[in-house]
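> Predicted model follows, preceded by the sequence.
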Amino acid sequence: MTSNTALMVIDGEDVPAVGRDWFETRDPASGEVLARVPRAAAADVDAAVRAGREAQPGWEALSPRERGTMLLAVADLIADRAEELTRLETLDVGKPLHEARVDVHHAERLFRFYGEVADKLPTEKLTVDGGFAFTDRIPHGVTGHITPWNYPIQLFARTVAPALAVGNACVVKPAEDTPLTSLRAARLALEVGIPAGVLNVVTGLGAEAGSALADNPDVDHLSFTGSRPTGERVMVASAHQMRPVMLELGGKSPSILLGDVNVAELVPTLRSAVLWNAGQTCDAQSRVLADRAIHADVVDALTAEFGQVKIGPGVEDHDLGPLVSETQHERVSALVAAARDAGGGRLVTGGGRPEGLDDGWFFEPTIFDVTDPATPIANDEVFGPVLTIVPFRDEREAVRIANGVRYDLAAAVWTKDIDRAFRLASQIRAGQVHINSWGIGSGVELPFGGIRQSGFGREKGLRALTEYSALRTTTVRVDPGR
Ligand code: ADP
């Protein structure tokens, strides 16, 4: 792809940054520049927030059905342009085409889901002394959305569609590594008639455009998906503005394998649960906790399975693409190198750049067989194709190890014994617990989010509509004489 220029979407216009500054987004499979992109500063963010402020009352004044109809039209257009969006996502993020296709499909479903429910939100009526009261939900106003680079179009849709459905105007700051599909999706929204200023996308660096959005006093709600340290920063900035925030942060999610599972049957699922998107998934199952009775079999089977993984550029649609950026490659390499030195686990397979892939930011599927559950590689989020396998003696130890990390995003329990499955699942602290399943419910209907260091608030499902709106109670006095 030849290098070209992308523009931001502010107040319905395609615009460069006021200061005419740019940054580059690159193809992770080759390191080549895909496009130059506006490097927004506070003035650009202010313009986008102002546009949102002006457009929001008109958007809120539309009936929920009218807003929903437009969201459904966005869904249709995403479906129409699915292959183009898929290719763009693959080029920008590096993921194989079949994975990007799933993401685009999810983006479509998210717009469809919130389009369909926009006019079906329940209200409640309460009887009070002297009359009655009813509650309804009102939009926050202008909502800010800072999104990460791992699932750009899907997370754009996940955060924007519910916010729009309830009548907010949005300002989105996509990650600097992967801004292209968010810009494209915002243009599709304009094409279907979503009014200028209702959906704005500002591109730029986190420390500049991102922090300008978090510091903007006219943003009424901020949703953030990304790393734990940046989440803390935007939460502090939001505290200064006294505004609600929703944070979806990292994870170190365990798959607990009890001794009765069929290891061979399970291995392909365990592989994709950690290697999907090269492990750059917040709820990647990056820890397998295996009953001692099957631990050696699990290590052997997963090592063999990882050995089969075909690696290459996303556009060639292999099993595994590159990591998103050089920075991410350096992070993962450093964590793996530190783990090799630290002891507490044995590197069983992988550990570096795959042979023959010298360009781009490829990393081999990697397994550590862990002897000390406290070792950092079994506790810290790697966000790369790195699996740790940890043995446990009994259910108590399994629960202790599963709950022993700082993150509580997701977990899975695998066993044929349904009593044990429920007993274990009920002891796991996580926003999502899966029993004998992985990947079901990754759609749009289920609430998704974390506990403790994994953040708070829930995206997806009907819950997200609660996040993106405020509760209003209206009281009515009824004169008993009449
Ligand atoms: P990573 O370090 O893996 O890039 P981040 O959590 O920093 O993950 O990035 C997630 C999103 O947060 C991106 O859109 C990024 O630009 C943005 N971001 C980074 N730093 C800041 C900041 N200081 N304030 C606001 N947003 C930021």
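Structure received.
> And Ile435, how far from Asp358?
Using C-beta to C-beta, to the nearest Å, one obtains 43 Å as the distance from Ile435 to Asp358. For glycine as for every other residue, the C-beta is placed from the backbone atoms N, C-alpha and C.
> Neighbour count: those two, which is higher?
The neighbour comparison of Ile435 against Asp358 (other C-beta atoms under 10 Å) goes to Ile435, with 14 against 8.
> Would it be right to say that Trp276 lies in a strand?
No. Under DSSP: H, G, I helix; E, B strand; the rest coil, Trp276 falls outside any strand and is assigned helix.
> Apart from its chain neighbours, what residue comes closest to it?
Glu99 (6.6 Å; C-beta to C-beta, 6 or more residues apart in numbering).
> quick one, what contacts Ala40?
By C-beta atoms under 8 Å, 6 or more residues apart in numbering, Ala40 lies in contact with Met8, Ala17, Lys173, Val202, Thr203, Gly204, Glu208, Ala209, Ala212.
> mind running it again at 7 Å?
Going by C-beta atoms under 7 Å, 6 or more residues apart in numbering, Ala40 touches Met8, Ala17, Val202, Thr203, Gly204, Ala209.
> Restricted to strands, list those.
Of the positions in the contacts of Ala40, Met8 sit in strands, assigned by DSSP state E.
> Show me which of the contacts of Ala40 are buried.
For the contacts of Ala40, a burial check counting by 16 or more other C-beta atoms under 10 Å picks out Met8, Ala17, Val202, Thr203, Gly204, Ala209.
> Could you give the number of residues near the residue lying closest to Gly443 once chain neighbours are set aside?
Once flanking residues are discounted, Gly443 sits nearest to Arg109: 6.3 Å by C-beta to C-beta, 6+ apart. For Arg109, the neighbour count with other C-beta under 10 Å is 19.
> C-terminal to the helix or strand containing Arg109, what's the next element?
Applying DSSP states H and E as the criterion places Arg109 in helix 97-117. Where DSSP H and E defines the elements, the next helix or strand beyond helix 97-117 is strand 124-128.
> what packs against that following strand?
strand 131-139 (3 or more C-beta pairs under 7 Å, 6 or more residues apart in numbering; DSSP states H and E).
> Pipe the buried ones among the contacts of Ala40 into TSV and attach pLDDT and distance to Val104 per row.
Shown next, in TSV, are the buried ones among the contacts of Ala40 (pLDDT from 0 to 100; distance: C-beta to C-beta, whole Å):
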residue	pLDDT	distance to Val104
Met8	98	21
Ala17	98	28
Val202	98	22
Thr203	98	20
Gly204	98	24
Ala209	98	25
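> Narrow these to those in helices?
Judged by DSSP state H, the subset of the buried ones among the contacts of Ala40 located in helices is empty.
> contacts with the ligand among these, please.
The overlap between those and the neighbours of the ligand (C-beta under 6 Å from any ligand atom) is empty.
> Residues of this protein that sit close to the ligand?
So far as C-beta under 6 Å from any ligand atom goes, the chain lies against the ligand at 146-148, 173, 175-176, 206-207, 210-211, 214, 226-227, 230, 233-234.
> Nearest to Glu24 among those?
Glu176 (9.3 Å; C-beta to C-beta).
> just the helices in this protein please.
Ranges of helices within the chain are 42-61, 64-80, 82-93, 97-117, 152-165, 180-191, 211-215, 228-241, 263-275, 292-307, 326-342, 395-402, 418-425, 463-467, based on DSSP H.
> Out of those helices, which is the most enclosed?
Ranked by mean neighbour count, the helices of the chain are led by helix 152-165 with a mean of 28 (mean count of other C-beta atoms under 10 Å).
> tell me what that one is packed against?
helix 64-80, helix 82-93, helix 97-117, strand 142-146, strand 169-173, helix 180-191, helix 463-467.
> Residue of the stretch 51-200 of the chain nearest the ligand, please.
In the stretch 51-200 of the chain, no residue comes nearer to the ligand than Ala175, which is 3.7 Å away by C-beta to the nearest ligand atom.
> For that residue, which non-adjacent residue is closest in space?
Trp149 (3.7 Å).
> quick one: contacts for the one you found?
Val93, Ala175, Asp177, Thr178, Val324.
> Let's see that with 6 Å instead.
Ala175, Asp177, Thr178, Val324 (C-beta atoms under 6 Å, 6 or more residues apart in numbering).
> In CSV, list the residues you listed along with pLDDT, distance to Phe23 and neighbour count.
Listed next are the contacts of Trp149 as CSV, based on pLDDT from 0 to 100; distance: C-beta to C-beta, whole Å; neighbours: other C-beta atoms under 10 Å:
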residue, pLDDT, distance to Phe23, neighbour count
Ala175, 98, 11, 25
Asp177, 98, 10, 21
Thr178, 98, 12, 27
Val324, 98, 15, 27
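> From Pro195, how far off is the residue sitting nearest the centre point of the chain?
Note on the chain: the residue nearest the mean C-alpha position is Leu155, at 5.3 Å, using C-alpha atoms, centre = their mean. Going from Leu155 to Pro195 by C-beta to C-beta gives 23 Å.
> quick revisit: closest to Trp22 out of the helices of the chain?
helix 42-61 (12.3 Å).
> Now flag whichever of the residues of the chain next to the ligand is closest to Arg400.
Checking the residues of the chain next to the ligand one by one against Arg400 (C-beta to C-beta), the nearest turns out to be Ser227, at 26.3 Å.
> Neighbours of the closest one, how many?
16.
> what sits up against stretch 458-467?
Counting by C-beta under 6 Å, 6+ apart, Arg158, Pro162, Val166, Met246, Val444, Glu445, Leu446, Pro447, Phe448, Gly449, Gly457 sit against stretch 458-467.
> Mind checking which of those residues are in strands?
Short answer: those in strands (DSSP E) are Met246.
> And the residue nearest to the centre of the chain, how close does it get to Gly439?
Taking C-beta to C-beta, one finds Leu155 at 17 Å from Gly439.
> ok, now Val192?
Val192 sits 31 Å away from Gly439, taking C-beta to C-beta as the criterion.
> just Asp215 next, same as before
38 Å.
> re earlier: the residue of the stretch 51-200 of the chain closest to the ligand contacts Pro148, correct?
Yes. If you go by C-beta atoms under 6 Å, Ala175 and Pro148 touch, sitting 5.2 Å apart.
> number of nearby residues for Leu126?
That count, for Leu126 with other C-beta under 10 Å as the rule, works out to 11.
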